[in-house]
Each structure stands twice: as structure tokens, then as C-alpha cells.
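**Student:** give the three-dimensional model of this entry:
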Amino acid sequence: MPTAPRCDDTIAWSALQGHFQGHGRTLDLREAFARDAGRFEALAVQAPEVFADLSKNLWDGTTLRLLIELAQACDLPARRDALLAGEPINSTEGRAVLHTALRAPRGAGPFSDEVHGVLDALLAYAETVRDGAASGITDVVNIGIGGSDLGPQMAVPALQAFSQPGLRLHFVSNVDGHDIVPVLAKLKPESTLFIVASKTFTTQETMANAHAARAWFLAAGGTDTARHFVGVTTNLEAAARFGITRTFGFWDWVGGRYSLWSAIGLPLAIAIGAENFRAFLAGARAMDEHFATAPLDANLPVLLGLLDVWYRNFHGFGSRSVAPYHQGLKRFPAYLQQLEMESNGKCVDAEGRALGLGTSPVVWGEAGTNGQHAYFQMLHQGTDVIPVEFIAVKHTTHERAGLAPEVAAQLADQHVKLLANCLAQSQALMLGKTADEAATESAPTASKTLDPAVLARHRSFPGNRPSTTLVLEALTPRSLGALIALYEHRVFTSGAIWGINSFDQWGVELGKALCNQLLPRFASGDAAGLDASTAGLLARLR
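**Tutor:** Okay, here's the model as predicted:
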């Protein structure tokens with residue numbers, strides 16, 4: 001990645017600190033809207049497939065101008081261009097980062113022949129599996145973990161309305177046998193396809209589950225392992241030893257958490273078909289072009305990434321809640337946890353220097369309206385301010401299910417309720433409620449003996465709590481592709497401002513190494529050299 005000043009060494013950073021101390025930390029959203037009738041229009045951005053309302057965030061025109069100056073001071077445009085050009089910006093591993101090449105049209109991106117050769121073969125195979133009359137396949141089980149699991153596991157239910165009827169997709173990732181056993185109980189060997197997704201074909205959890213699946217398959221009378229197991233891997237020799245002859249590979253410039261666009265997307269391709277999978281790639285490509293060409297002050301991934309820096313480093317907000325108001329996106333917060341926290345959860349910059357500032361926030365959430373009845377209490381009245389990201393989808397895809405008219409009418413009414421809840425939550429976070437306002441309201445469930453003034457304080461809300469609302473017209477393959485790419489580029493933006501390498505994950509390695517050292521001790525009981533806690537727990541668990 002091109003060298004650039006670290007963000008906290010720039011004049012722009014000092015200017016932002018002065019702005020925050022003098023004005024930014026006391027900005028009141030209610031007053032901001034009262035002063036500026038055009039605030040919504042000024043802070044709304046339309047990107048491919050995604051509209052964003054950024055007006056309920058704790059910033060104004062001055063904040064935005066200073067953040068753009070920070071982006072320029074940190075050479076964000078040059079860093080972005082290096083990413084898209086395939087320069088080896090993953091400096092600790094000496095690799096390019098080219099997940100964007102996976103969704104480039106034929107002839108329009110690096111390694112195009114290789115990318116489209118695999119894509120064409122992958123989609124042709126997916127279509128043969130989808131032809132149930134010929135393939136006999138009714139169930140597909142994806143065995144992977146991390147980036148080989150979270151992407152397909154999120155995207156398949158998100159696009160369920162576009163899935164092949166009668167074809168069931170299952171996902172197994174945890175080495176805990178309690179994950180795979182309930183899945184196997186639903187299957188018949190003659191009608192099941194297992195996808196073993198591991199680039200190296202050595203991932204401990206994945207290979208353990210793959211061996212369990214093969215043992216079940218053979219014990220249940222399955223024959224022709226090569227027909228019922230397919231590999232997504234580059235280790236053809238190891239796959240062949242396992243009994244797999246059909247494999248689809250990808251490249252070392254595709255990071256695991258960015259690999260859904262590659263052969264890792266095979267479960268999604270089987271579920272939604274070749275045409276829809278290409279639409280999924282096209283949506284991501286449209287967002288890539290927006291990120292590459294839109295001015296910084298109208299570039300949605302850039303603005304969201306800068307907002308993350310503003311909140312993390314100036315306001316000191318340590319987490320962000322993602323609340324998709326669409327049940328299909330129920331796994332989206334979990335997907336974003338890996339994308340953001342594995343990418344930007346770093347404590348040194350790209351030069352290996354210790355950082356004196358916060359990087360990735362904790363990302364968490366739940367689908368609305370479920371979250372409202374779980375953790376929203378804390379969002380509204382807790383002591384911590386937690387920015388919330390709402391994702392609303394204007395139109396449903398219920399019509400694809402062939403429902404009876406009266407059922408469709410009921411669900412249309414429910415969708416309006418869903419959207420109203422989404423808007424109400426962001427409005428409530430901003431407006432809050434004073435104790436005086438609460439005192440004028442009746443509260444049927446409140447104690448009749450409690451002092452009314454005390455009750456009013458319990459029922460008051462501080463308000464001025466920030467949120468972003470992203471709006472999709474409908475959840476389609478194209479819009480989902482654009483949404484995911486938006487978050488990818490947002491994570492890159494904040495990482496580039498912090499000056500970190502967002503594309504390695506050394507923090508994953510230490511636990512793996514220690515696990516391999518501990519495994520023999522479970523058989524031998526040898527606790528020599530272990531700390532007292534680990535030794536005691538080993539004895540307890542043997």
C-alpha cells in the first residue's frame with residue numbers, strides 16, 4: 001500500500017480534535033434538524049442499489065469537510081486505487097487483494113481468464129445439481145468455517161425467495177459434533193451433496209467435519225464418494241486422498257472473508273442459479289465502480305468509513321449495532337463481525353508501530369423486530385451511546401412464493417408494520433423523551449404508589465443517539481451484492497485512515513498453534529510446562 005502519513009500525525013487530525021472539543025461533542029440532533037430544514041437532503045446519499053440517510057448522525061457540514069480533508073491527507077484515493085489495481089497491499093503476506101476482480105466482467109479485470117474459467121465451470125456444475133430429476137440431489141451440505149461458511153450461510157437465506165424449490169441447503173462449521181449431528185439426521189446419502197470448503201484442505205474444524213460426514217455417508221450405505229463430495233480448495237492432492245475428484249479453486253489474492261464471490265459461493269450458486277449469481281456479482285461490481293469514481297463527499301463507502309473513524313476515535317464509541325429489518329438478513333450482523341473485526345481489529349499500523357488510537361469497534365446485532373424485544377432497552381436508556389445501523393427493505397418478495405391472496409394481503413400489512421417499527425426506532429433514538437414529557441403520559445403498568453416524579457425519570461430517554469438508515473428497494477441478488485460490497489469498501493476506508501493492514505489476520509493463528517500443542521496432552525495427561533489454570537482445566541476436562 002502506498003505510504004502515507006498516519007492519521008494522527010496529520011494537520012487534519014488536529015483540526016478534527018479542535019472541532020470535536022469546540023462543537024462536535026455537544027452537537028444535538030434535535031437542534032440540528034430545527035436549524036436546518038435541508039439536513040436530510042444534504043446528508044442523504046444514493047449509491048447503486050442502496051440509499052443512505054446519514055442525517056441522524058452526530059456530524060454536520062464542518063465535520064464532513066474536515067473528515068474529507070483527513071481522507072485526502074491519508075492518501076485514501078491512492079490507497080483505493082492501489083487496491084483496485086492489484087498492488088500487493090497486504091504487505092505482511094506480500095499479496096494483492098483482488099476480490100473485486102471476481103465480479104469484474106469478462107476482460108475487464110485482472111486475471112480475467114482464470115476468474116471466468118472457474119466461474120463458468122462453477123455455474124455449469126451448479127446447474128447440474130439444481131436439475132434434481134437428473135442429479136437426484138435434494139440436500140446440499142456446506143462444510144467450512146469462517147470465510148468459507150459465514151458468507152454462504154448469510155447469503156443463501158437472504159435470497160431464499162430466489163432459491164430452487166425442493167432443494168435444501170445446510171451449513172456445518174463448528175468442530176463441536178452437536179453442529180453436524182442434527183444435520184445428518186435429516187439426510188439420505190443417495191440424495192445429498194457435501195461441499196468441503198477449505199483452501200488448504202487442512203483447516204482443523206472443516207476437515208474434522210468432512211471426515212465425520214464421509215463416515216456417516218459410508219455407514220449409511222452411501223456409494224460413489226466422488227459423486228457426493230465436491231471440494232472448494234487448491235490442494236488437489238489432499239482432496240484426491242479424501243476421495244474427491246471434482247474441485248473448484250481460488251487464489252491467494254482472495255482473502256477468506258472476501259471469498260463469497262469466488263468458488264466459496266458454490267452453495268449460493270446452487271441455491272439461486274447461474275443467472276441470479278451473475279446478478280449478485282453485477283451488484284457488487286456496480287458498488288465497486290461507485291467506490292472507484294464517486295467524489296469523496298458523495299462516495300457512500302468512504303462516508304461510512306469516515307463516520308466510523310469519527311465515532312471510534314473522537315466520540316469514543318466502542319461498538320456499533322446493526323439491525324436489519326428483514327428476516328432474510330438475520331445472519332448479516334454475524335457476517336459483518338468477521339468482515340470488520342477480523343479486518344480492522346489490529347493494534348499496530350502497517351509499519352508495525354503501536355497504535356495509540358482505537359481501531360475496529362465491536363459489531364453486533366439482530367434482525368428487527370426481534371432486537372427491539374431484546375437489547376434495544378440498552379440502546380435507548382443505557383449508559384453507553386451505541387450508534388445503530390438500520391437496514392430497511394421497501395418491497396417484499398412474497399409474491400414469488402405463490403401465496404393465496406388473503407395470505408399475501410396479511411403479509412403486506414405486516415410489512416408496513418415492520419417498516420414503521422424501523423423508522424420509529426431511529427426516531428426514538430434521536431428524539432428521546434424528557435421527564436416532563438413522561439410525567440404527562442399515563443403508564444397503565446406502573447406502580448400506583450410510586451412517586452410520579454420518580455416514575456417520570458424511569459420513563460425518560462436521553463435521546464440524541466445516532467443512527468444510520470440504509471434502504472434497499474428489494475432484497476434481490478443484485479442489491480445484496482451491492483450491500484456486501486458497500487461494507488467491504490467501508491472497512492477498507494476506515495482501515496486505510498488508521499494506516500493498518502486490513503487483509504491479514506495473525507490474531508487467528510496463536511490459538512490454533514496452542515490448540516495443536518494441547519491436543520496430545522488430552523491423551524497423555526502431561527501438564528508439564530503449562531500454567532496452573534490451563535493444567536487444572538486440562539485435568540478437569542480429560
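
**Student:** helices of the stretch 301-450 of the chain, start to end?
**Tutor:** With DSSP state H, counting those that start in this stretch as the criterion, the stretch 301-450 of the chain has helices at 332-336, 343-344, 376-381, 405-431, 435-439.

**Student:** can you list those in CSV and add distance to Thr192?
**Tutor:** C-betas here are computed from N, CA, C, even on glycine. Formatted as CSV, the entries for these read as follows, by distance: least, CB to CB, whole Å:
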stretch, distance to Thr192
helix 332-336, 25
helix 343-344, 34
helix 376-381, 40
helix 405-431, 32
helix 435-439, 57
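
**Student:** list the buried residues for stretch 325-345?
**Tutor:** By neighbour count on 16 or more other CB atoms under 10 Å, the buried set for stretch 325-345 is 325-326, 328-344.

**Student:** flag the shaky bits of the chain, pLDDT-wise.
**Tutor:** 1-3 (pLDDT under 70).

**Student:** skip the chain neighbours and tell me the closest residue to the most centrally placed residue in it.
**Tutor:** Within the chain, the residue whose C-alpha comes closest to the C-alpha centroid is Leu336; the distance, by CA atoms, centre = their mean, is 2.1 Å. Counting by CB to CB, 6 or more residues apart in numbering, Leu336 lies nearest to Val363, which is 5.2 Å off, once chain neighbours are set aside.

**Student:** partners of the one you found in the sheet?
**Tutor:** According to DSSP bridges, the residues that bridge with Val363 are Arg320.

**Student:** wait, isn't it in contact with Val322?
**Tutor:** Yes: when contacts are counted by CB atoms under 8 Å, Val363 is listed as touching Val322 (6.4 Å).

**Student:** what sits in contact with each of those two?
**Tutor:** Common contacts of Val363 and Val322 (CB atoms under 8 Å, 6 or more residues apart in numbering): 333, 336.

**Student:** those two: which is more packed in?
**Tutor:** Residue environment comparison for Val363 versus Val322 gives the larger neighbour count to Val322, 26 against 22, counting by other CB atoms under 10 Å.

**Student:** how many neighbouring residues does the closest residue to that one other than its chain neighbours have?
**Tutor:** Computed as CB to CB, 6+ apart, the closest residue to Val322 that is not its neighbour in sequence is Gly365, at 3.7 Å. A count of neighbours around Gly365, defined by other CB under 10 Å, yields 24.

**Student:** can you list the domains in this protein?
**Tutor:** 7-89+288-398+410-440+448-498, 114-275, 508-541 (automatic domain parsing).

**Student:** so can I have CSV of these showing distance to Leu281?
**Tutor:** Shown next, in CSV, are those (distance: least, CB to CB, whole Å):
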stretch, distance to Leu281
domain 7-89+288-398+410-440+448-498, 6
domain 114-275, 6
domain 508-541, 27
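
**Student:** now the strands for the stretch 101-250 of the chain?
**Tutor:** Using DSSP state E, counting those that start in this stretch, the strands found in the stretch 101-250 of the chain span residues 139-143, 168-172, 192-197, 229-232, 247-248.

**Student:** in a markdown table, list the ones you listed along with mean neighbour count and distance to Val416.
**Tutor:** Shown next, in a markdown table, are the strands of the stretch 101-250 of the chain (neighbours: other CB atoms under 10 Å; distance: least, CB to CB, whole Å):
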| stretch | mean neighbour count | distance to Val416 |
| --- | --- | --- |
| strand 139-143 | 24 | 35 |
| strand 168-172 | 21 | 30 |
| strand 192-197 | 26 | 39 |
| strand 229-232 | 26 | 41 |
| strand 247-248 | 19 | 43 |
